[in-house]
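Colleague: fold the following for me, if possible:
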Amino acid sequence: QVQLVESGGGLVQAGGSLRLSCAASARNLFTYTVGWFRQNPGKEREFGAAISMSSGGTYYADSVKGRFTISRDGGKNTVYLQMNSLKPEDTAVYYCAAGLSLKVWGSEEWSDATWGQGTQVTVSS
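Modeller: Below you'll find the predicted structure:
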């Protein structure tokens, strides 16, 4: 079982930056991939980025590629999402998720994953 605690959301102006953190704990965390998703009311959850906790390999959605960077601090079992050049359309609740790499790696649809509580990111124009 994996547990996730997110932090770092807030209000920022368009063009600004924010960094989200996801502290993960699990017995075999190296077998997981951790990702960031976002969701607005009435809309489907949207994949953003993911990182393998074993290899450090990453992949991104086209909508955030080049602006967002996912990374990990292995010593702290923490995954970060550095968000630069933020746009008003990036406004959403951001969720950290963890899924077994064998099940989720390479996918943007994570039906079998553990989810964090979410953190609000608001980008003003």
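
Colleague: what's opposite the spatially most central residue of the chain in the beta bridge?
Modeller: Among the residues of the chain, Trp36 comes closest to the average C-alpha position under C-alpha atoms, centre = their mean, at 1.8 Å. Under DSSP bridges, the beta-bridge partners of Trp36 are Ala49, Cys96.

Colleague: distance check, Lys87 against Gly16.
Modeller: 10 Å (C-beta to C-beta, to the nearest Å). Quick note: C-beta positions are derived from backbone N, CA and C, even for glycine.

Colleague: my error: substitute Glu108 in the last question.
Modeller: The gap separating Glu108 from Gly16 is 26 Å, by C-beta to C-beta.

Colleague: before we move on, what about Arg67?
Modeller: Going from Arg67 to Gly16 by C-beta to C-beta gives 12 Å.

Colleague: who touches both of the two?
Modeller: Jointly contacting Arg67 and Gly16 under the rule C-beta atoms under 8 Å, 6 or more residues apart in numbering are Leu86.

Colleague: Asn77: neighbour count?
Modeller: 16 (other C-beta atoms under 10 Å).

Colleague: quick check: phi and psi on it?
Modeller: Main-chain torsions, Asn77, degrees, to the nearest 10: phi 50, psi 40.

Colleague: what do you get for Gly116?
Modeller: Torsion angles, degrees, to the nearest 10, at Gly116: phi -80, psi -180.

Colleague: cross-check the contact I'm expecting between it and Tyr95.
Modeller: Yes: Gly116 is within contact range of Tyr95, at 5.6 Å (criterion: C-beta atoms under 8 Å).

Colleague: tally of neighbours for Cys96?
Modeller: So Cys96, with other C-beta under 10 Å, has 26 neighbours.

Colleague: circling back to that earlier point, spit out the residues that contact Gly116 and Tyr95 alike.
Modeller: In contact with both Gly116 and Tyr95: Glu6, using C-beta under 8 Å, 6+ apart.
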